[in-house]
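**Q** Dropping a prediction and its sequence here:
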Amino acid sequence: MYCFLSESINDDIATFDENEARHCLKVLRKNIGDQIYFTDGQGHRYEARILSASKKSFEAKILTKELDQNTFKQDVVLAVALTKQSQRFEWFLEKATELGIKQIIPFYSHHSERKKMNHNRSAKIIATAMKQSFQTRMPELGELISYKDLLKKNWDHIDQKLIAIFDGKNHIKDQYNPSESVIIMVGPEGDFSSTEIEDALSNGWTGVHLGSSRLRVETAAIYICSVLNAKAQ
């Protein structure tokens, strides 16, 4: 079963763009009158029937609408340093989307080996992962930011500010409270510098560890997603 994405809904008619039309009509060979499922990326799942179709778009009449209950009741923000290879970061984006993370902030710090990313490509990867996993909420992908600017942002609306470091006092599973909102930072391959760790701790962040193994960036990030997802069930 495949879930399409429509960001244009007027009353009971949903319009789909050229990319969705290509996949629906050419790849999946759907026709007028066929029923489909789609989401608006805001937590709703729809069942609809195709009304009209062309090469650049198609329209569908909404039959049913339901609000999907998200695993996380509070905001979950994951700030992750760019990996050296873009493919590894893109893999993380895909899996984090499947696990229902609400917001992702890419950043670079002192030891980062890459300080550029293709935001449009990353956003498309997230959208595809959302549809393929039958999720209904599109994770918010922030613009690439420096570590210093990340710390300067106003996080007063977040209950828990956590930073993953090897000698963190508590394990992430013991520190995370699913009844509170949270932001968690994951550093680059070379880890955070000692100065960066000191800056975070002095600004109210709490150090947490992920166990005794040293994990790659994307592995650490997905491990965190899995732990949070399990605790929020």
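**A** Great, that's in hand.

**Q** Packing partners of whichever helix in the chain runs longest?
**A** Scanning the chain for the longest helix, with DSSP state H as the assignment, gives helix 217-232. Using 3 or more CB pairs under 8 Å, 6 or more residues apart in numbering; DSSP states H and E as the contact test, the elements touching helix 217-232 are strand 76-81, helix 86-98, helix 172-175, strand 182-186. Every residue, glycine included, has its C-beta placed from N, CA and C.

**Q** for the record, mean pLDDT for it?
**A** Helix 217-232 comes out with an average pLDDT of 94.

**Q** contacting residues around that helix?
**A** With contacts defined as CB atoms under 8 Å, 6 or more residues apart in numbering, helix 217-232 is touched by 71-73, 76, 78, 80-81, 83, 88-89, 91-92, 95-96, 99-101, 164, 172-173, 176, 178, 182, 184, 186-189, 210, 215.

**Q** Please point out which parts of that helix sit buried.
**A** Neighbour-count burial for helix 217-232, with 16 or more other CB atoms under 10 Å as criterion, is recorded at 217-225, 227-229, 232.

**Q** same deal with stretch 184-192?
**A** Using 16+ other CB under 10 Å as the test for burial, stretch 184-192 gives 184, 185, 186, 187, 188, 189, 191, 192.

**Q** now those as CSV including pLDDT and distance to residue 110?
**A** Below are the buried residues of stretch 184-192 laid out as CSV (pLDDT from 0 to 100; distance: CB to CB, whole Å):
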residue, pLDDT, distance to residue 110
184, 97, 19
185, 97, 13
186, 97, 15
187, 96, 9
188, 95, 8
189, 89, 12
191, 91, 10
192, 95, 8
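
**Q** Check the gap between residue 150 and residue 94 for me.
**A** 23 Å (CB to CB, to the nearest Å).

**Q** Next: residue 215.
**A** Applying CB to CB to residue 215 and residue 94 gives a distance of 18 Å.
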